[in-house]
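Chemist: When you get a sec, could you give me coordinates for this:
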Amino acid sequence: MNRLIYIAIAVGVIIIGLLSSIFVVDEREKALVLQFGRVAQVKEDPGLGFKIPLVQDVVYYDDRIISIDMNAFEVTPLDDRRLIVDAFARYRIDNVERFRQATGAGGTQALAVANTRLESILSAETREVLGSVPSNDILSEDRDALMLRIRNAAIPEAAELGLTVIDVRLKRTDLPPQNLEATFRRMVAEREREAEDERARGREAAQRVRALADRTVVELESDAERQARIIEGEADARRNAIFAEAFNEDTEFFEFYRSLEAYREALQSDNTRMVMSPDHEFFDYLRSPSGRSASAMISGPADDGEASGTVVIDGDGADTEGTTADDEDSADADVTAPEDDTAETADIETN
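Modeler: Next comes the predicted model:
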């Protein structure tokens with residue numbers, strides 16, 4: 001009975017020993033077998049592994065791509081414009097044995113140490129690369145090339161930690177808060193200057209258009225006036241030719257027609273007063289059918305001799321005044337021209 005107990009205990013110990021000597025490596029991990037703190041075995045492939053129980057220990061490390069967010073820091077580009085840079089990086093544990101030697105720990109503690117040291121390396125390389133170019137290059141499309149330079153510069157130092165840097169990216173690149181207001185004012189001033197340049201060019205173009213339009217207007221008006229003068233001249237020539245032809249055919253009618261035109265122009269309400277003799281040829285067609293002249297039809301006192309005087313004609317029919325040769329007495333007389341189709345009425349007042 002005691003023998004069976006011993007056998008059972010021995011079998012149990014053997015089973016426990018076998019189980020403790022077996023370890024499993026996940027496909028997302030790498031493992032180190034340590035014997036008294038020294039690396040005895042490196043297990044990178046997934047599957048079962050064996051170790052010496054109670055003598056050797058297994059330490060696991062993440063084999064996936066690890067991301068690290070760096071704290072924002074300040075850089076000074078080549079043009080001395082300070083910038084606040086916020087970046088992140090991706091890396092992988094490439095050499096677990098070297099990584100163990102660099103960090104001296106395993107698991108999450110080793111990752112914390114690796115992140116701290118890698119962040120210091122990346123910050124230094126970022127300052128060096130961004131400090132060698134102007135700020136405009138950092139804010140332009142060329143930043144991809146700058147990030148590649150930062151990654152390539154960090155790879156040798158990261159390899160000493162057993163790490164491989166896969167990528168480095170700049171998330172944000174901002175100005176310090178104390179410089180934002182000055183930068184905004186400078187940007188506003190620059191945009192206002194560009195806007196004023198555009199307005200100046202627009203005013204210049206508008207002035208050219210107006211000058212061209214004014215010149216075109218002057219040319220059109222001059223041409224129109226020239227053509228109008230030509231047409232007027234041709235019309236006057238045609239009219240004079242018609243008048244000359246009419247005069248040659250009927251001289252008396254032409255003189256009568258021209259006299260009527262002269263009466264129409266002279267005997268108007270807004271014309272200047274005219275002073276002339278009653279027997280002037282201007283009144284030839286205003287005399288009575290009996291042949292008496294306008295002066296003979298004037299009624300008024302006459303002491304001796306024939307009355308003689310001056311006829312004053314107002315186009316608006318106002319009374320006129322005159323003086324006789326013998327005395328200064330005045331008398332009013334109305335002389336009315338004979339009424340026909342072409343005659344006009346004139347009020348004549350003499351003394």
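
Chemist: okay, CA-based contacts and neighbour counts for the rest of this
Modeler: OK.

Chemist: What is the burial count for residue 51?
Modeler: 19 (other CA atoms under 10 Å).

Chemist: try residue 29
Modeler: Residue 29 has 17 neighbours, counted by other CA under 10 Å.

Chemist: correct me, but it touches residue 42?
Modeler: No - when contacts are counted by CA atoms under 8 Å, residue 29 is not listed as touching residue 42 (11.6 Å).

Chemist: average pLDDT for the longest helix along the chain?
Modeler: Ranked by number of residues, the top helix in the chain under DSSP state H is helix 177-249. Helix 177-249 carries an average pLDDT of 89.

Chemist: Also stretch 128-141?
Modeler: 84.

Chemist: That stretch spans what distance, first to last residue?
Modeler: Stretch 128-141 has an end-to-end distance of 19 Å (CA to CA, to the nearest Å).

Chemist: Okay, buried residues for that stretch please.
Modeler: For stretch 128-141, a neighbour-count test (16 or more other CA atoms under 10 Å) marks 128, 129, 130, 131, 135, 138 as buried.

Chemist: contact partners of it?
Modeler: Residues outside stretch 128-141 that contact it (CA atoms under 8 Å, 6 or more residues apart in numbering): 75, 76, 77, 78, 79, 81, 143, 146, 149, 150, 173.

Chemist: same question, stretch 239-246
Modeler: Contact with stretch 239-246 is made by residue 254, as judged by CA under 8 Å, 6+ apart.

Chemist: same question, stretch 39-50
Modeler: The contact list for stretch 39-50 (CA under 8 Å, 6+ apart) reads 21-27, 29-34, 96-97.

Chemist: Run through the helices of the chain in chain order.
Modeler: 2-21, 96-103, 107-130, 135-138, 143-159, 177-249, 251-266.

Chemist: Out of those, which is closest to residue 53?
Modeler: Shortest distance between residue 53 and the helices of the chain, using CA to CA, is found for helix 2-21: 5.1 Å.

Chemist: Give me the buried positions along the closest one.
Modeler: Residues residue 21 are the ones in helix 2-21 that count as buried (16+ other CA under 10 Å).
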